[in-house]
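> Generate coordinates for the sequence data below:
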Amino acid sequence: MPVSPLTRPPGSAAQAPPTPVRPIPAPISATARLGALGTLAPGLAAAAVAVVLATAATRVVPGVSAAVIAVVLGVALTNLGGLHRSLAPGLGFASRRVLRLAIVLLGLQIALPELLALGWRALAVVAVGTGVTFAATRWIGGRLGVSPRRSLLIATGVSVCGAAAVAAMHEVAGSDDDDVAAAVGVVVLYGSASIVTLPLLAGALGLTPQQLGLWAGASVHEVAQVAAIGAAAGAGVLASAVAVKLARVVLLAPIVGLTSVSLRRAATAEAGRAVRRPPVVPLFVAGFVAAVAARSLGMVPHEITRAVPGLTTVLLAAALFALGTGVDLRRLARGGRSLLLGGIATAIIGGISLLGVVVIG
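Got it, this is the predicted structure:
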């Protein structure tokens, strides 16, 4: 007759070790939650004030996004000695959590059927210009002596969608705030110059307004800068230019995702060293893709899609203000090679896009 485990005599068989009992974590009290919110409040309040100021400034400085102006405000605050340590928790929250939410919401502005309506030739111009510029900028950055992380951010900002792309890549690249500032500075400088130079060059080359819109959307860095060029050329040109620009924004997800995988493999190859390993696919990138899919399938109500651009702008401005507060201008002033790299990258994407525009007519 089999012996029950409960009655088996000692020593007759090895007994299984008892299953460890995991302690149940104590619930977080309401007081603790309020304390955490109180810690974040000063920094978030400072970011909110910066967003209001940046938004107001866009009415005076057309073609410059609130996010870019917010970076400048953050840099000014910290370098003029106005950054109190009580702001740090809230600003840290804005530079990470708020930024990721903004990138996800950016996907709700993109409907794939509208982009496919541009035609395969226009999309090919966008894909080739973006891909070649991204790869070439990273390679040239190494030849110029620009650090790999900074080259990566500049490549992303110039080839994809300006400050938002820089901030998204910063999440997986392990770069510092000075790298972010250098890349955003490149976007501001050369993108703003494009508002003046592209229409002048288009006139000298005999391009039509529609060709100018395609060229601007495929090569200019910030959405606001593209909109400034398109608006000057006419409402129809504005719509097509922004649509082409959003086609580049779609490429943010695969570029950031593939770069994250590449960096993860490189970190794994560093035998015997403690290195930071980025996630295989960052959660906010997956959220961005899901948002694009939801918008493309018509799952998002019109009221939400109409409100999302404004909300995304506010969140991006808050996040980039927070990133700007970590910038040391004294170190950044020594980054002349970064400006040179940004100029080369801008020339590459501008030249490829112009060639594409001329070829497809």
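
> list the contacts for the spatially closest residue to residue 342 that is not a sequence neighbour?
Leaving aside its chain neighbours, residue 342 sits nearest to residue 186 (3.0 Å; criterion: CB to CB, 6 or more residues apart in numbering). Bear in mind the C-beta positions are built from the backbone N, C-alpha and C, glycine included. By CB atoms under 8 Å, 6 or more residues apart in numbering, the contact list for residue 186 reads 154, 157, 158, 338, 339, 341, 342, 343, 345, 346.

> roughly how far apart are the nearest residue in space to the third one that is not next to it in sequence and residue 326?
Translated: residue 158. Excluding its sequence neighbours, the residue lying closest to residue 158 (CB to CB, 6+ apart) is residue 345, at 4.1 Å. For residue 345, the distance to residue 326 (CB to CB, to the nearest Å) stands at 24 Å.

> more crowded one of those two?
Ranked by neighbour count (other CB atoms under 10 Å), residue 345 and residue 326 place residue 345 first, with 26 against 19.

> tell me the contacts of the more buried one?
By CB under 8 Å, 6+ apart, the neighbours of residue 345 are 133, 136, 137, 140, 154, 155, 158, 159, 186.

> Which pLDDT value goes with it?
Here, the pLDDT recorded for residue 345 equals 96.

> Likewise for the one 10 residues further on?
The predicted structure scores residue 355 at 95 on the pLDDT scale.

> ok so, going back, of the contacts of residue 186, grab the buried ones for PyMOL.
For the buried members of the contacts of residue 186, the matching PyMOL selection, counting by 16 or more other CB atoms under 10 Å, is:
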select buried, resi 154+157+158+338+341+342+345+346
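
> Please point out which parts of the helix or strand hosting residue 227 sit buried.
When elements are assigned from DSSP states H and E, residue 227 belongs to helix 223-233. Within helix 223-233, the residues that count as buried by 16+ other CB under 10 Å are 223, 224, 225, 226, 227, 228, 229, 230, 232, 233.

> for those, which one is nearest residue 254?
Proximity of the buried residues of helix 223-233 to residue 254 (CB to CB) peaks at residue 223, which lies at 19.0 Å.

> can I assume that closest one is in contact with residue 242?
Yes. Using CB atoms under 8 Å, residue 223 makes contact with residue 242 at a distance of 6.8 Å.

> For the residue nearest to residue 158, give its distance to residue 307.
34 Å.

> Residue 228 now?
23 Å.

> Please apply the same query to residue 247.
23 Å.

> Neighbour count: the two, which is higher?
Taking other CB under 10 Å, residue 247 and residue 307 do not tie; residue 247 has more neighbours (23 against 13).

> Now for that one: which residues touch it?
With CB under 8 Å, 6+ apart, residue 247 has these contacts: 115, 118, 122, 123, 126, 217.

> Return the set of buried residues in the helix or strand hosting residue 257.
Take DSSP H and E as the rule and residue 257 turns out to sit in helix 252-269. Burial within helix 252-269, assessed by neighbour count using 16+ other CB under 10 Å, is assigned to 252, 253, 255, 256, 257, 259, 260, 263, 264.

> now these in JSON lines, with distance to residue 164 and pLDDT?
Shown next, in JSON lines, are those (distance: CB to CB, whole Å; pLDDT from 0 to 100):
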{"residue": "252", "distance to residue 164": "8", "pLDDT": "89"}
{"residue": "253", "distance to residue 164": "12", "pLDDT": "88"}
{"residue": "255", "distance to residue 164": "12", "pLDDT": "92"}
{"residue": "256", "distance to residue 164": "11", "pLDDT": "89"}
{"residue": "257", "distance to residue 164": "16", "pLDDT": "87"}
{"residue": "259", "distance to residue 164": "15", "pLDDT": "89"}
{"residue": "260", "distance to residue 164": "17", "pLDDT": "85"}
{"residue": "263", "distance to residue 164": "20", "pLDDT": "83"}
{"residue": "264", "distance to residue 164": "23", "pLDDT": "77"}
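
> And those, which is closest to residue 311?
Nearest to residue 311 among those, with distances taken as CB to CB, is residue 252, at 18.1 Å.

> wait, doesn't the closest one sit right on residue 288?
Yes. Counting by CB under 8 Å, residue 252 touches residue 288, with 6.9 Å between them.
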